[in-house]
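Novice: fold the following and give me the result.
(one chain, ligands or ions: 1)
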Amino acid sequence: MAVKRQTVSGSPAKSLGRESRSEYDETAPAFAKSAVRVAVLTHSSATDILTLSPAKGLRGQVSIPGDKSISHRALMLGSLAEGETTIQGLLLGEDPRSTAACFRALGADIAELNSECVRIQGVGLGRLQEPADVLDAGNSGTTLRLMLGILAGQAGRFFAVTGDRSLRSRPMGRVVEPLRQMGASIWGRAGGTLAPLAVQGGSLKGIHYCSPVASAQVKSCLLLAGLLAEGTTQVTEPALSRDHSERMLRAFGANIQVDPEAKTVAVVGGSRLVGQKVQVPGDISSAAFWLVAASIVPESELLLRNVGLNPTRTGVLQVLQEMGADIQIENCREMAGEPLGDLWVRSARLRGCTIAGDLIPTLIDEIPVLAVAAAFAEGITVIRDAAELRVKESDRLSAMAQELSRMGAQVSEHPDGLEIKGGIPLHGAEVDSHEDHRIAMSLMVAALGAQGSTLLRGADCARISYPDFIPTLQRLTASSLES
Ligand code: S3P
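Specialist: Next up is the predicted model:
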């Protein structure tokens, strides 16, 4: 990556209070009004290094990009439905692009991706075509695991699936094993627990599966397989994971029953899916970076628009509020079966807390940036019951312990979590994203609150879930990025 140097000068930005909301104009960003150095990432060089210096306050508003989980599901269900599906607000990150590429190869007519309105002509359940080549899920666990459930029931057709180096090291046995119990024929490395995998589509039968992990990917994979299975497919999980599949499957016409008390969901095989209009709310996992950045950098005030507030995803708000964050929710509404609202966040003194138990699945992707919040909070933060983080795009417990320690944080790593003694000022350092988008963005946030410059290797992978993260950071900060 080459980093270009560019200087923008002008008059200092005005203080933006709540009453001056009209100034939150994304087309006239704060940085355009103040003297800042702007880092420009280009994709042309192999170095991919970003240098960041401390921020003096983040101000403005952000339209949060589309929810990644909902974007994947909209592309998949649109491909499986009969008739036309339209998707508004689709996330244009690399992960949904992988899903779109796979389902195009499987015969769905998916128009060029954009965030306004994407049209899909679905092929109908069980009518995917046998692709001429290997299906590549890239970096996306959701694409690969959910797709396996869909492919397993496509009788008489053969599929080969793979992903990038990170995805090929992630556990697939958690879906392959229950799919085999349903009658699926799947082979792969390490006894079918690692991609590349091969699937011979065939007939499936419903089972009741008690998952040992609270994973929406496992649950969704089996529900999707259940659409084509004989009888009922039930999934019970140890704690409730995100329920976007249940909501969207119901909207598309599937026969779904949910029993939250029993943490069980059931789908009856044989229903038809009918194309729908899907509106994708902003991803709270992406909003989380701004929530923490504005909390830890003094004199910050941000308005985050269009944030999905599905209760299976809002653990990050609960924890930040317990830590003393100043977050207000307004304009709560519902859009295509998903709740959303706008969030105000202002700088605050944070204090440590404990994050554990059934809360973990509701904030699983936000733990790296919550670890950053913990490093800036007074006292000790304990994160437990989060061993799942070790099998994400990177080992996120080890990555955050290692990289925050380089910046001077006191972090101890445990098999299922972290213990962070906060309140010790962080200093800039050379850090690494471990090629994991959420680690990259979390470290950018940490750098904003640290003293001195931070050099981040592998910043570019933020594009997996948040293509505009770095330009948005440039817009919201004054003098926080340099090349
Ligand atoms: C996701 C579920 C979670 C989450 C991932 C997206 C989904 O994974 O970490 O980013 O869209 O279903 P697990 O199901 O493995 O917990």
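Novice: which parts of the chain belong to which domain?
Specialist: 3-65+282-482, 68-279 (automatic domain parsing).
Novice: so which of those domains is nearest the ligand?
Specialist: Among these, domain 68-279 comes nearest to the ligand, with 3.2 Å by CB to the nearest ligand atom. The way it works is simple: take the backbone N, C-alpha and C, and place the C-beta from them, glycine included.
Novice: whether that closest one contacts the ligand - can you check?
Specialist: Yes. Domain 68-279 lies within reach of the ligand by CB under 6 Å from any ligand atom, at S69, T142, S215, A216, Q217, S220, S241, R242.
Novice: which ones are touching the second one?
Specialist: With contacts taken as CB atoms under 8 Å, 6 or more residues apart in numbering, T142 has the following neighbours: K68, S69, H72, D95, T99, Q217, S220.
Novice: of the residues of domain 68-279 next to the ligand, which is the most crowded?
Specialist: Highest neighbour count within those: S220, with 30 neighbours (other CB atoms under 10 Å).
Novice: so it versus H427, what's the distance?
Specialist: 42 Å (CB to CB, to the nearest Å).
Novice: cool, E94 as well?
Specialist: For E94 relative to H427 (CB to CB), the value is 32 Å.
Novice: now D283
Specialist: Per CB to CB, D283 is found 31 Å from H427.
Novice: what do you get for D326?
Specialist: Counting by CB to CB, the separation of D326 from H427 is 26 Å.
Novice: per-residue pLDDT, I186?
Specialist: For I186, the pLDDT comes out at 99.
Novice: try A336
Specialist: Reported pLDDT at A336 in the predicted model: 88.
Novice: right, and it touches F252 too?
Specialist: No. With contact defined as CB atoms under 8 Å, A336 does not count as touching F252 (11.2 Å).
Novice: which one's more surrounded, those two?
Specialist: Each of A336 and F252 had its neighbours counted (other CB under 10 Å), and the higher figure belongs to F252 (25 against 19).
Novice: isn't there a strand covering S412?
Specialist: Yes. Remark: S412 belongs to a strand, assigned using DSSP: H, G, I helix; E, B strand; the rest coil.
Novice: can you tell me which of the residues of domain 68-279 next to the ligand are in helices?
Specialist: Using DSSP state H, the members of the residues of domain 68-279 next to the ligand that fall within helices are S69, T142, A216, Q217, S220.
Novice: what about the nearest residue to the fourth one once chain neighbours are set aside, how many neighbours?
Specialist: In space, not counting the residues next to it along the chain, Q217 is nearest to R145; the distance is 4.2 Å by CB to CB, 6 or more residues apart in numbering. With neighbours defined by other CB under 10 Å, the count for R145 comes to 26.
Novice: measure stretch 112-127 end to end?
Specialist: The first residue of stretch 112-127 is 22 Å away from its last residue (CA to CA, to the nearest Å).
Novice: how much space between the residue nearest to V297 when sequence neighbours are not counted and S453?
Specialist: Computed as CB to CB, 6+ apart, the closest residue to V297 that is not its neighbour in sequence is A55, at 4.8 Å. Applying CB to CB, the value for A55 to S453 is 12 Å.
Novice: with neighbour numbers in mind, choose between these two.
Specialist: Counted by other CB under 10 Å, A55 and S453 do not tie: A55 has more neighbours, with 26 against 15.
Novice: local confidence estimate at that one?
Specialist: Residue-level pLDDT assigned to A55 equals 91.
Novice: swap in the one 3 residues further on?
Specialist: L58 is assigned a pLDDT of 97 by the prediction.
Novice: neighbours around it, how many?
Specialist: When neighbours are defined as other CB under 10 Å, L58 has 28 of them.
Novice: tell me the secondary structure for V258?
Specialist: What three-state DSSP gives for V258 is strand.
Novice: quick one, which of D326 and H427 is more surrounded?
Specialist: D326 (17 against 14).
Novice: please, where are all the helices along the stretch 51-200 of the chain?
Specialist: Under the criterion DSSP state H, counting those that start in this stretch, the stretch 51-200 of the chain contains helices at 68-80, 94-105, 141-152, 165-168, 173-181, 189-192.
Novice: so for I464, which of those sits nearest?
Specialist: Among the helices of the stretch 51-200 of the chain, the nearest to I464 by CB to CB is helix 94-105 (4.7 Å).
Novice: settle this for me: P131 is touching F103, isn't it.
Specialist: No. Between P131 and F103 there is no contact under CB under 8 Å: 10.0 Å.
Novice: and these two? Which one has more around it.
Specialist: F103 (26 against 19).
Novice: next, count neighbours for the residue nearest to the more buried one when sequence neighbours are not counted.
Specialist: Excluding the flanking residues, the one nearest F103 by CB to CB, 6+ apart is S79, at 4.1 Å. S79 is flanked by 26 other residues according to other CB under 10 Å.
Novice: repeat for E388
Specialist: So E388, with other CB under 10 Å, has 17 neighbours.
Novice: avg pLDDT for stretch 277-292?
Specialist: Mean per-residue pLDDT for stretch 277-292: 98.
Novice: only alpha carbons, please: show stretch 319-332 as CSV.
Specialist: The C-alpha trace of stretch 319-332 is given here as CSV (Å, rounded to 0.1, in the frame of the first residue of the first chain):
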residue,chain,number,x,y,z
VAL,A,319,-21.9,-2.8,28.4
LEU,A,320,-20.8,0.7,27.3
GLN,A,321,-23.6,2.2,29.4
GLU,A,322,-22.6,0.2,32.4
MET,A,323,-19.0,1.5,31.8
GLY,A,324,-20.4,5.0,32.0
ALA,A,325,-20.6,5.9,28.3
ASP,A,326,-22.8,8.8,27.3
ILE,A,327,-25.1,7.3,24.7
GLN,A,328,-28.6,8.4,23.8
ILE,A,329,-30.9,6.6,21.5
GLU,A,330,-33.6,8.5,19.6
ASN,A,331,-35.9,8.1,16.6
CYS,A,332,-36.5,4.4,17.3
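Novice: and the angle from the helix or strand containing V235 to helix 173-181?
Specialist: In this assignment (DSSP states H and E), V235 forms part of strand 232-236. Per axes from the mean of the first three to the mean of the last three CA atoms, to 10 degrees, the angle that strand 232-236 makes with helix 173-181 is 150 degrees.
Novice: helices or strands up against strand 232-236?
Specialist: Here strand 232-236 touches strand 208-210, helix 216-226, strand 264-268, going by 3 or more CB pairs under 8 Å, 6 or more residues apart in numbering; DSSP states H and E.
Novice: ramachandran angles for L340?
Specialist: For L340, the backbone dihedrals (degrees, to the nearest 10) come out as phi -150, psi 170.
Novice: ah, wrong one, I meant R349
Specialist: According to degrees, to the nearest 10, R349 has phi -80, psi 120.
Novice: pull the contacting residues for it.
Specialist: With contact taken as CB under 8 Å, 6+ apart, R349 is in contact with G324, E378.
Novice: from A293, how far off is it?
Specialist: Distance of R349 to A293, computed by CB to CB: 15 Å.
Novice: same thing with S347?
Specialist: Separation of S347 from A293 (CB to CB): 10 Å.
Novice: same thing with A55?
Specialist: Applying CB to CB, one obtains 8 Å for the distance of A55 from A293.
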